[in-house]
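Peer 1: Model the structure of this input:
(one chain, ligands or ions: 1)
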Amino acid sequence: MEFFLDTASIEDIKFYKPLGLVDGVTTNPALLSKEGGDPIAQIKKIAEIVKGPISVEVTYTEPREMVKHAIKLNKLAPNVVIKVPASIAGLTAAQELKKAGIRMNITLIFHPSQAVPFIQLEVDYVSLFVGRVEEFGLNNKEAIWQLRQSIDEMESPTKLLSASIRNPEYLLEAVIAGSDVLTVPPSCWQMVYKNPIFQLGERDFLKSWRTLPATARKEYESLD
Ligand code: G3P
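Peer 2: The predicted model follows:
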């Protein structure tokens, strides 16, 4: 299982990389726009820091422009993977890009059925959005299991990439359901470790510890 970081922030990448949580990076137009500056320069910087796959999304919706844009973006770095939306136009473009040998991450998949033709095409990744559907009062955890079953049933090498992982519960479901990759936003890792019960527990342990006289604690606490 691989863990990508879902961000275009150099600062976040530098923070989480030493923690073993940046096997790759996924960007999208929203994440790039959030960083401001020159998106091309940003992608090149990310590709220098992270040797794993860097997902970069086309910003056109017509097949011909998608293909042209993908070919251009693919030249930014050897580890670039092109994000193509899971639409009919995206499928048309993906047929061309597959022939051109361009690695693809098919994005904006909200229902596993959207992924089926791309799995058949044996694209590199299909990105199932788990969290975003909550904005419509929906829950997409079951879809991870269905997509896992679909890829396995179709005996495709396509990797299941769980995305839009907005909280620890979605993260765990994505792991247990057998995702090949989770792309986790820094905000989710923050939620995982800003666990208030953990903080209370740690504080409680140390408060109890300090009821022991300093002399009794001395040897135990010595760092030599
Ligand atoms: O990589 C896809 C991810 O960035 C989308 O997440 O929470 O904006 O749906 P979200």
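
Peer 1: Look up how far Gly131 lies from the most centrally placed residue in the chain.
Peer 2: With distances taken as Cα atoms, centre = their mean, the chain has Thr183 as the residue nearest its mean C-alpha position (1.5 Å). Relative to Gly131, Thr183 is positioned 11 Å away (Cβ to Cβ, to the nearest Å). Every residue, glycine included, has its C-beta placed from N, CA and C.

Peer 1: cool, Ala30 as well?
Peer 2: 14 Å.

Peer 1: And Asp224, by the same measure?
Peer 2: Taken as Cβ to Cβ, the span from Asp224 to Gly131 is 48 Å.

Peer 1: okay, these two: which has more neighbours?
Peer 2: Each of Asp224 and Gly131 has its neighbours counted (other Cβ atoms under 10 Å); Gly131 has more, 20 against 2.

Peer 1: check contacts around the more buried one.
Peer 2: 140, 164-167, 170 (Cβ atoms under 8 Å, 6 or more residues apart in numbering).

Peer 1: looking at those residues, which has the most residues close by?
Peer 2: Ile165 (25 neighbours).

Peer 1: From what I see, that one and Phe129 are in contact.
Peer 2: No. Using Cβ atoms under 8 Å, Ile165 is not in contact with Phe129, being 9.2 Å away.

Peer 1: follow-up on the earlier one: okay, and which of the contacts of Gly131 map to helices?
Peer 2: In this view, those that belong to helices under DSSP state H are Tyr170.

Peer 1: same for the helix or strand encompassing the residue nearest to the centre of the chain, what does it pack against?
Peer 2: Per DSSP states H and E: Thr183 is located in strand 181-184. Strand 181-184 is packed against strand 2-6, strand 24-26, strand 159-163, helix 168-176, with contacts defined by 3 or more Cβ pairs under 8 Å, 6 or more residues apart in numbering; DSSP states H and E.

Peer 1: ok, now which ones touch the spatially closest residue to Pro117 that is not a sequence neighbour?
Peer 2: Spatial nearest neighbour of Pro117, excluding adjacent residues (Cβ to Cβ, 6 or more residues apart in numbering): Leu91 at 5.4 Å. Each residue near Leu91 by Cβ under 8 Å, 6+ apart is listed here: 117-118, 121.
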